[in-house]
Every structure is written in structure tokens, then in C-alpha cells.
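**Q** mind folding the following:
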Amino acid sequence: MSGAGPAMTLPRGLIGALGMLRIGTGMLGVDMLLGSAIHLSLIWMGPSLEYFYPISALPGSVVGVLLAAGAARGWIRGRAFFGACMILAGAIFLSAGVIDAGFLDNGVLPASFMYEVVTVGITGLALIVVLLAAGAAAYRRDWLAGLCMLFPGAMLLAPILLHMIVQAAAGPLSPLQNASYLDLGMATGAGLLALGAGAVWQARAGARRVCGAPA
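**A** Numbers count the residues shown, from 1 in each chain. Presented below is the predicted three-dimensional model:
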């Protein structure tokens, strides 16, 4: 028998800062698709709100597909595309929060809860871990791209911690639960809009690739 064969290496797309950004962006897109699917399924449970579920869920589905496809195909290595994805994701979180706040002001249970759905369950916890890991991996090579992952990761973790604090202090049925999700969701959306706009501006200024990725 001859000596051992060549060492197996991981595909380039799955390692390094750019690979982590692709995974984080892809998972964010998949979780937005999951949240949108749940919202659309609730049409059958709330016929009086049947026109509002598609308003909040269909745009989320489109953006989720764009993020997942862009990550899978490697399109996010272009800073302008990556920034546009962050802008669209931020817009979904912000608009869903505004819609839900309007429902609460009229004494109606919110219809979308995009932010809550994305953070709840196994997929939400996995998304938080991946976003924080992707942001940490990218930050040293590209601080803005790193922040685009670190910020939503931290903001998605915040309601879980806040949920436990509010539940312990005010009980599981406290209206503060809904308010905390809405406020944090809108803050996440606003932050992603600003970070995404910064990435697009950098692309226009000449920094075309995230994390020094080759063309």
C-alpha cells in the first residue's frame, strides 16, 4: 500500500469570511421565507385580516428568495448587491413592524410578527449563531460587511433575553412582550437600512467587493 492520499480540503465557498457571509445571508433569506410562509398560512385562521397577511408576507417571500439565491450563487460578493440585500431585509423588518404597530393601536392582534417568527425556534437560534459568527469572521477584513451580520445577530438575540426578563417580571401575558418585539424589529430594520445604504455608497465610491473577494 502506498502512503496516504492527498488531504481533503473544504470547498472554497464554505470557508473564509466571504463564505461565512454567504451562509449568514442565505440563512437570513431562508428564515424570512419561513416567516412569510407561516404568515400566509394564518389567513385561514383570521379571515377578517385576510388582506393584510399577503401585504406583509409576500414582500418577505420575494426578499427571502433574493437573499437565499444571491448567497447560493455568490452574487453577494459584489458590494452593491450585498448592500441592496441588507436594505431590502431592513425594509421588510421595518415595514412589518409598522404594520403590526398599526394593528396594536387599533386593538387588533398584529398580523405579521416577522421579527418574532424569525427569532423563534431552532431555526431562529441557528440564525443568530451564524450571523454572529459570520460577522466576527468578516469584521477584520471588511468592517461594514461584518456589521451587516453582527448587528442583526445581536438584535435578534436581544428579544430572547428581553422575553425572559419581561416574563419573569410581568408575566407571560404582559403587553410589553408585543411592544418589545415590535420596537426591536423596527430598530433592526432601520439599522440594516443604514448599513446597507453604506455598503451601496462604498460600491459607488469604488470598493466593489466585500471581504477582498476576487472578481
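
**Q** so where does the spatially closest residue to residue 26 that is not a sequence neighbour fall, helix or strand?
**A** Using C-beta to C-beta, 6 or more residues apart in numbering and skipping the chain neighbours, the partner closest in space to residue 26 is residue 71 (3.4 Å). C-beta coordinates here come from the backbone N, C-alpha and C atoms, glycine included. Residue 71 is part of helix 52-73 when elements are defined by DSSP states H and E.

**Q** what residues does that helix touch?
**A** With contact meaning C-beta atoms under 8 Å, 6 or more residues apart in numbering, helix 52-73 is reached by 21-23, 25-26, 28-33, 35-37, 39-40, 42-43, 46, 75-76, 81-82, 85, 88-89, 91-92, 95-96, 99, 103, 111-112, 114.

**Q** what's around residue 39, how many residues?
**A** Neighbourhood size, residue 39 [other C-beta atoms under 10 Å]: 24.

**Q** quick one: secondary structure of the residue positioned nearest the centre of the chain?
**A** By C-alpha atoms, centre = their mean, the chain has its centre lying nearest to residue 28, at 4.1 Å. Per DSSP: H, G, I helix; E, B strand; the rest coil, the local secondary structure of residue 28 is helix.

**Q** so how far is residue 212 from it?
**A** 22 Å (C-beta to C-beta, to the nearest Å).

**Q** rewinding a little: my read is that the residue nearest to the centre of the chain contacts residue 127, right?
**A** Yes. Proximity of residue 28 to residue 127 meets the contact threshold set by C-beta atoms under 8 Å, at 6.5 Å.

**Q** quick check: neighbours shared by the two?
**A** Shared contacts of residue 28 and residue 127, defined by C-beta under 8 Å, 6+ apart, are absent.

**Q** apart from its neighbours in sequence, what residue is nearest residue 184?
**A** Nearest to residue 184 is residue 159, by C-beta to C-beta, 6+ apart, at 5.2 Å.

**Q** after whatever helix or strand that neighbour lives in, next one along is what?
**A** Assigned by DSSP H and E, residue 159 belongs to helix 143-170. For helix 143-170, the following helix or strand on the C-terminal side (DSSP H and E) is helix 176-205.

**Q** give me the angle between that next one and helix 143-170.
**A** 170 degrees (axes from the mean of the first three to the mean of the last three C-alpha atoms, to 10 degrees).

**Q** packing partners for helix 176-205?
**A** helix 79-105, helix 114-119, helix 143-170 (3 or more C-beta pairs under 8 Å, 6 or more residues apart in numbering; DSSP states H and E).

**Q** so where's this structure uncertain?
**A** 1-15, 42-56, 103-122, 170-180, 213-215 (pLDDT under 70).

**Q** how about 90 then?
**A** Residue ranges of the chain with pLDDT under 90: 1-17, 30-61, 92-128, 140-141, 155-188, 204-215.

**Q** now do the contacts for residue 195.
**A** Counting by C-beta under 8 Å, 6+ apart, residue 195 touches 83, 86, 90, 144, 147-148, 151.

**Q** out of those, who's the most crowded?
**A** Within the contacts of residue 195, residue 148 tops the neighbour count with 33 neighbours, counted by other C-beta under 10 Å.

**Q** count the neighbours of residue 191 for me.
**A** The burial count for residue 191: 20, using other C-beta under 10 Å.
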